[in-house]
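K.L.:
how would this look folded up:
(one chain, ligands or ions: 1)
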Amino acid sequence: MANSNLDRQSTNVLQVENAKVKRGERLLLANINFTVKAGEFIAIAGENGCGKSTLLSILCAADTAQSALVHGEICIQNVPLKHYKVQQLATIRAVMCQHQSSPFGFFVDEILTLARHAVIEPSHLRHACIAGVSEALDLRHLLHRNIQTLSGGERQRVYLAKALLQLIPSSLEDDLSGKLLLLDEPTSALDLRHQKLVMALLAKLSQGGLSIICISHDINLITPYCTRMLVLANQGVIADGAPNQVLTHGVLKQCYQTDLHLLKHPEHGVFVTH
Ligand SMILES: Nc1ncnc2c1ncn2[C@@H]1O[C@H](COP(=O)(O)OP(=O)(O)OP(=O)(O)O)[C@@H](O)[C@H]1O
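P.N.:
Modelled structure (predicted):
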């Protein structure tokens, strides 16, 4: 265990070097530098429109966002993103966007099976893998439903399952060191039980080596689970560190341009309220 922790600390899964991000003529972010190690669970916070989703799209190499990166280099496992083939990248990183949709009326089990199309495995192992992820995200009762008939929260859990199934070699128990999961507000439609279920699962997967970057406006939900928080404001990263250290009255005011109260929670550290 000590050895694998040591390896994780020395494994650069993602490096963002001097990134400058623009949309049209508008500069969103400049001088962005950070490195993500194996097993880190990083929350990204920032006000509406500051560039969080744009940054995430650049990190996942989405075609639609590459023109927004006007300067800098993004590397995954020390290799520049532009040197990857799409198929190769798909085995290392997965993404769940903020507004994901399915234009066709696929059944949930079809969507989850498609997520593993690049994995060569016997069908009984594929079924077991899909069953394990479905169980973990409370989807088993939805597998034979048409995606277009699901509620917002149900769909959100399907899309998270799809991203996980793209990444895991055979089960949620695998060592996921070196793999990267990029999430844009994955719990925004979830009820309290499913918020807790998803956060606990993400924390468990990060302990198993998965690197996670998760945009969230729900600071109180994510801080007990994440290992690190990046706060974006004024076109840059204004704080980067453990949530308890990052979340101060001054940082929150600079980020959200309003006065917020901080309460100390005995178990969960800092709690932000109006
Ligand atoms: N395709 C685009 N063309 C032009 N401007 C865009 C485009 N996509 C986003 N923007 C603008 O870039 C800015 C950053 O958008 P982005 O979606 O990255 O913000 P965000 O920090 O994720 O916000 P939110 O918290 O509201 O989700 C916004 O002002 C948005 O209007």
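K.L.:
what comes up buried for stretch 239-248?
P.N.:
By neighbour count on 16 or more other C-beta atoms under 10 Å, the buried set for stretch 239-248 is 239, 243, 246-247. In short, each C-beta sits where N, CA and C put it, glycine included.
K.L.:
Ok, stretch 148-159 next?
P.N.:
Quick answer for stretch 148-159 (16+ other C-beta under 10 Å): 150, 154-159.
K.L.:
Please put the alpha-carbon coordinates of it into CSV.
P.N.:
Output of stretch 148-159 as CSV, limited to C-alpha atoms (Å, rounded to 0.1, in the frame of the first residue of the first chain):
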residue,chain,number,x,y,z
GLN,A,148,-35.5,9.8,-23.2
THR,A,149,-38.1,8.8,-20.6
LEU,A,150,-35.9,9.2,-17.6
SER,A,151,-35.9,12.0,-15.1
GLY,A,152,-33.0,14.5,-14.9
GLY,A,153,-31.4,12.8,-11.9
GLU,A,154,-31.8,9.3,-13.4
ARG,A,155,-30.2,10.5,-16.7
GLN,A,156,-27.3,12.1,-14.8
ARG,A,157,-26.5,8.7,-13.1
VAL,A,158,-26.6,7.0,-16.5
TYR,A,159,-24.1,9.4,-18.0
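K.L.:
Would you mind listing the two of the buried residues of stretch 239-248 that lie farthest apart?
P.N.:
239 and 243 (9.8 Å; C-beta to C-beta).
K.L.:
Between those two, which contacts overlap?
P.N.:
The contact sets of residue 239 and residue 243 overlap at residue 229 (C-beta atoms under 8 Å, 6 or more residues apart in numbering).
K.L.:
still on that earlier bit, looking at the buried residues of stretch 239-248, which one is closest to residue 208?
P.N.:
Of the buried residues of stretch 239-248, the one sitting nearest to residue 208 (C-beta to C-beta) turns out to be residue 243, at 20.7 Å.
K.L.:
The closest one and residue 222, how far apart?
P.N.:
8 Å (C-beta to C-beta, to the nearest Å).
K.L.:
Residue 265 contacts residue 272, doesn't it?
P.N.:
No - Residue 265 is not in contact with residue 272 according to C-beta atoms under 8 Å; the separation is 10.3 Å.
K.L.:
out of these two, which sits in the busier spot?
P.N.:
Just comparing residue 265 and residue 272: by other C-beta atoms under 10 Å the higher neighbour count belongs to residue 272, 17 against 12.
K.L.:
how about the strands of this structure, start to end?
P.N.:
12-23, 26-37, 41-46, 69-76, 79-80, 93-96, 180-184, 211-215, 228-233, 236-241, 261-265, 269-273 (DSSP state E).
K.L.:
okay, those strands, which one's buried deepest?
P.N.:
Among the strands of the chain, judged by mean count of other C-beta atoms under 10 Å, the one packed with the most neighbours on average is strand 211-215 (a mean of 26).
K.L.:
Can you tell me what sits against it?
P.N.:
13-14, 36-45, 52-53, 56, 59, 98, 179-186, 202, 205-206, 222, 226.
K.L.:
Give the rounded mean pLDDT of it.
P.N.:
The pLDDT scores in strand 211-215 average 98.
K.L.:
Now find how far off-centre stretch 21-39 is within its chain.
P.N.:
Here stretch 21-39 is found 16 Å from its chain centre; the criterion is C-alpha atoms, centre = their mean, to the nearest Å.
K.L.:
Tabulate the CA atom coordinates of it in CSV.
P.N.:
The C-alpha trace of stretch 21-39 is given here as CSV (Å, rounded to 0.1, in the frame of the first residue of the first chain):
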residue,chain,number,x,y,z
VAL,A,21,-8.2,30.5,-22.5
LYS,A,22,-10.3,32.8,-24.7
ARG,A,23,-13.8,32.7,-26.0
GLY,A,24,-14.1,35.0,-29.0
GLU,A,25,-12.3,38.2,-28.0
ARG,A,26,-12.9,37.7,-24.3
LEU,A,27,-10.0,36.4,-22.1
LEU,A,28,-11.4,33.9,-19.6
LEU,A,29,-8.3,32.5,-18.0
ALA,A,30,-4.5,33.2,-18.1
ASN,A,31,-1.4,31.7,-16.6
ILE,A,32,-3.2,28.5,-15.5
ASN,A,33,-0.7,26.0,-14.1
PHE,A,34,-1.5,22.9,-12.1
THR,A,35,-0.6,19.2,-12.0
VAL,A,36,-2.9,16.3,-11.1
LYS,A,37,-1.4,13.2,-9.5
ALA,A,38,-3.0,9.7,-9.5
GLY,A,39,-5.7,9.4,-6.8
